[in-house]
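K.L.:
could you look at this predicted model? Sequence included:
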Amino acid sequence: MDTTRIIYGKSNPLKRELARQLRREMTPAERRLWEHLRRSQLDGLHFRRQQVIDGYIADFYCHEVGLVVEVDGGIHAQQRDWDAQRDAVLGARQLAILRFRNEQVFTELTWVLDEIRRVAAERRRPTPQPPP
């Protein structure tokens with residue numbers, strides 16, 4: 001998985017400030033999910049919130065397994081083309097992208113967490129090595 005250009009501190013200063021602002025002003029659904037992802041609570045996976053990656057801000061990102069988790073509100077119905085472009089850029093880095101609607105986080109939280117666990121487990125599996 002190519003994670004070499006995932007940006008931590010060298011991104012556009014305005015983008016970094018926007019990420020900070022988004023961390024301070026999380027949506028209720030993001031806040032609810034974060035309570036279950038923070039401090040490596042979910043199977044030891046370390047998630048960051050509002051991570052800048054290639055100029056885009058991912059809601060939650062786990063570097064260990066290359067997983068982006070997005071919590072989508074109503075605005076995403078109006079920006080499908082932008083989301084598709086963003087997903088293509090992140091996908092080119094071989095990052096897995098999971099999208100959940102706000103309602104799913106509130107009404108199906110156990111399923112949401114199980115899906116995150118499932119995808120993370122699949123991505124943790126070692127790749128088979130050819131026989132010597």
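P.N.:
Sure thing, it's come through. These numbers come from a predicted model, not from an experiment.
K.L.:
only C-alpha atoms for contact and neighbour calcs from this point on.
P.N.:
Noted.
K.L.:
residue 129 versus the residue positioned nearest the centre of the chain, what's the distance?
P.N.:
For the chain, the residue sitting closest to the mean C-alpha position, by CA atoms, centre = their mean, is residue 68 at 2.3 Å. Here residue 68 is placed at a distance of 27 Å from residue 129 (CA to CA, to the nearest Å).
K.L.:
repeat for residue 89
P.N.:
Residue 89 is 28 Å from residue 129, by CA to CA.
K.L.:
for residue 105, same thing?
P.N.:
From residue 105 to residue 129 the distance is 38 Å (CA to CA).
K.L.:
which one of those two has more residues nearby?
P.N.:
residue 105 (21 against 6; other CA atoms under 10 Å).
K.L.:
thinking that one is in contact with residue 116, fair?
P.N.:
No. Checked against CA atoms under 8 Å, the pair residue 105 and residue 116 is beyond contact range at 11.9 Å.
K.L.:
got the contact list for the lengthiest helix in the chain?
P.N.:
Ordering each helix of the chain by length in residues (DSSP state H) puts helix 109-124 first. Here helix 109-124 makes contact (CA atoms under 8 Å, 6 or more residues apart in numbering) with 33, 42-43, 65-67, 69, 98, 100, 104-105.
K.L.:
and the next helix or strand past the helix or strand that contains residue 88?
P.N.:
Remark: residue 88 resides in helix 80-92, with elements defined by DSSP states H and E. Following helix 80-92 in sequence order, the next helix or strand is strand 96-101 (DSSP H and E).
K.L.:
low-confidence stretches in this structure?
P.N.:
1-11, 74-79, 127-128 (pLDDT under 70).
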